[in-house]
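S.K.: how would this look folded up:
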Amino acid sequence: MEMLSTVLLLLVGFAALLVFMGVQMVSQSREYVVERLGKYDRTLKAGFNFIVPVLERVAHRVDVLERQISPQPERISIITKDNVEITLLASVFFRVTDAAKSVYRIQDLIAAIRNAVTSTVRSTCGQMEFDEIQGRREHINERIRTSLLAACEVWGVEITRTEVLDVEVDANTKSAMQKQLNAERERRATVTKAEGDRDSQKLVADAELYAAQKRAEARRVLADAEAYATSKVAEAIASNGQSAIDFEIAKLQVQGWTEVAKSNGSRLIIIPTEISKSLGSLATMLDAYKAMK
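M.R.: Modelled structure (predicted):
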């Protein structure tokens with residue numbers, strides 16, 4: 001009886017041990033690859049899982065969080081389309097989407113991804129010129145990521161992000177680029193100054209043209225006024241004869257001597273006898289001229 005109790009106790013203990021060994025608690029950041037009798041059977045997701053002890057075992061514990069290939073950026077040597085040797089610093093992030101493929105399709109996943117990144121970056125940037133690489137990094141990032149997606153899908157890996165961090169060149173290339181940059185700046189400064197001079201000259205010419213137009217317009221108005229006055233005088237002469245002519249001549253003489261008298265240099269004015277007579281009769285002629293009109 002005691003023997004039977006001992007055996008039962010051992011059986012219960014062994015069963016409890018088997019249950020304990022079969023319970024698998026998978027964390028959110030991992031997936032477990034289970035093999036049955038040495039062959040892949042299934043993948044355990046996050047949470048409570050159970051396997052059959054002895055027959056089944058957890059062969060691989062795979063991290064499924066997004067992570068970088070290596071802590072340091074990848075330094076990739078490239079020769080561009082215009083024969084400039086550069087070193088491109090790239091950072092690549094990935095995550096495992098199929099744990100079974102990541103352990104059964106490739107032996108060293110990180111090394112394989114690194115080789116695929118190097119090959120893809122060289123192929124992509126080798127078809128571009130140096131200035132294009134400098135100015136279109138977002139485009140390069142997207143092209144590299146798209147190319148890597150197809151290459152890494154067979155390993156159960158998704159390339160989530162690729163970032164071109166920097167582009168390095170040797171000292172000689174950097175010096176030549178600096179000279180080219182300085183020459184371009186000088187060219188732009190010369191062009192800007194020439195455009196400014198051209199605009200300034202254009203404004204001056206426009207101002208001179210405007211002033212000339214205004215002067216021409218003033219002359220035209222004055223000419224019209226003089227023509228109108230002349231026509232009126234001609235009409236008066238035609239209708240009133242010699243008295244109108246004498247009146248106009250006397251008026252002009254009086255205006256001339258008035259201007260002379262206003263001059264600062266005038267001290268003594270001698271008026272000829274004819275002018276004084278004209279002044280004497282100017283009022284009389286004015287009255288006669290008004291009566292004739």
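S.K.: Could you check how many residues crowd around Ile78?
M.R.: Using other CB atoms under 10 Å, the number of residues around Ile78 comes to 20. All C-beta spots, glycine's among them, are computed from the backbone N, C-alpha and C.
S.K.: mind listing the strands for the protein?
M.R.: In the chain, the strands defined using DSSP state E lie at 23-26, 30-36, 39-44, 47-50, 56-63, 67-68, 74-79, 85-96, 157-169.
S.K.: got a markdown table for these, with distance to Asp199 and mean pLDDT too?
M.R.: What follows is these, written out as a markdown table (distance: least, CB to CB, whole Å; pLDDT from 0 to 100):
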| stretch | distance to Asp199 | mean pLDDT |
| --- | --- | --- |
| strand 23-26 | 73 | 86 |
| strand 30-36 | 69 | 91 |
| strand 39-44 | 72 | 90 |
| strand 47-50 | 74 | 88 |
| strand 56-63 | 65 | 89 |
| strand 67-68 | 54 | 88 |
| strand 74-79 | 45 | 83 |
| strand 85-96 | 41 | 87 |
| strand 157-169 | 39 | 84 |
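S.K.: Which of those sits closest to Ala211?
M.R.: strand 157-169 (57.4 Å; CB to CB).
S.K.: Next, the angle strand 85-96 makes with the closest one.
M.R.: 160 degrees (axes from the mean of the first three to the mean of the last three CA atoms, to 10 degrees).
S.K.: Tell me the helices and strands packed up against strand 157-169.
M.R.: strand 85-96, helix 109-125, helix 137-152 (3 or more CB pairs under 8 Å, 6 or more residues apart in numbering; DSSP states H and E).
S.K.: would you turn these into CSV with mean neighbour count and distance to Gln180?
M.R.: Below are the helices and strands packed on strand 157-169 laid out as CSV (neighbours: other CB atoms under 10 Å; distance: least, CB to CB, whole Å):
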stretch, mean neighbour count, distance to Gln180
strand 85-96, 19, 16
helix 109-125, 18, 20
helix 137-152, 17, 20
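S.K.: Export these to CSV and append columns for distance to Arg42.
M.R.: Shown next, in CSV, are the helices and strands packed on strand 157-169 (distance: least, CB to CB, whole Å):
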stretch, distance to Arg42
strand 85-96, 16
helix 109-125, 20
helix 137-152, 23
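S.K.: sorry, back to before: need the strands of the chain in TSV with distance to Ala211, can you?
M.R.: Supplementary listing: the strands of the chain in TSV, determined by distance: least, CB to CB, whole Å:
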stretch	distance to Ala211
strand 23-26	90
strand 30-36	87
strand 39-44	90
strand 47-50	90
strand 56-63	83
strand 67-68	72
strand 74-79	64
strand 85-96	60
strand 157-169	57
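S.K.: nearest to Gln134, of the ones you listed?
M.R.: Closest to Gln134 of the strands of the chain, according to CB to CB: strand 157-169, at 6.2 Å.
S.K.: and that closest one, how far out from the chain's middle?
M.R.: Mean C-alpha position of strand 157-169 versus that of the full chain (CA atoms, centre = their mean, to the nearest Å) differs by 23 Å.
S.K.: Please identify which of the strands of the chain is closest to Arg145.
M.R.: strand 157-169 (4.6 Å).
S.K.: Any chance you could list what contacts the closest one?
M.R.: With contact meaning CB atoms under 8 Å, 6 or more residues apart in numbering, strand 157-169 is reached by 66, 73, 84-97, 101-102, 109, 113, 117, 133-134, 137, 140-141, 144-145, 148-149, 152, 177.
S.K.: And the contacts of stretch 206-217?
M.R.: By CB under 8 Å, 6+ apart, no residue outside stretch 206-217 reaches it.
S.K.: And it, how far out from the chain middle?
M.R.: With CA atoms, centre = their mean as the basis, stretch 206-217 stands 42 Å off its chain's centre.
S.K.: pLDDT of that stretch, averaged?
M.R.: For stretch 206-217, mean pLDDT is 83.
S.K.: Okay, buried residues for that stretch please.
M.R.: Within stretch 206-217, no residue is scored as buried using 16 or more other CB atoms under 10 Å.
S.K.: Cool, thanks, signing off.
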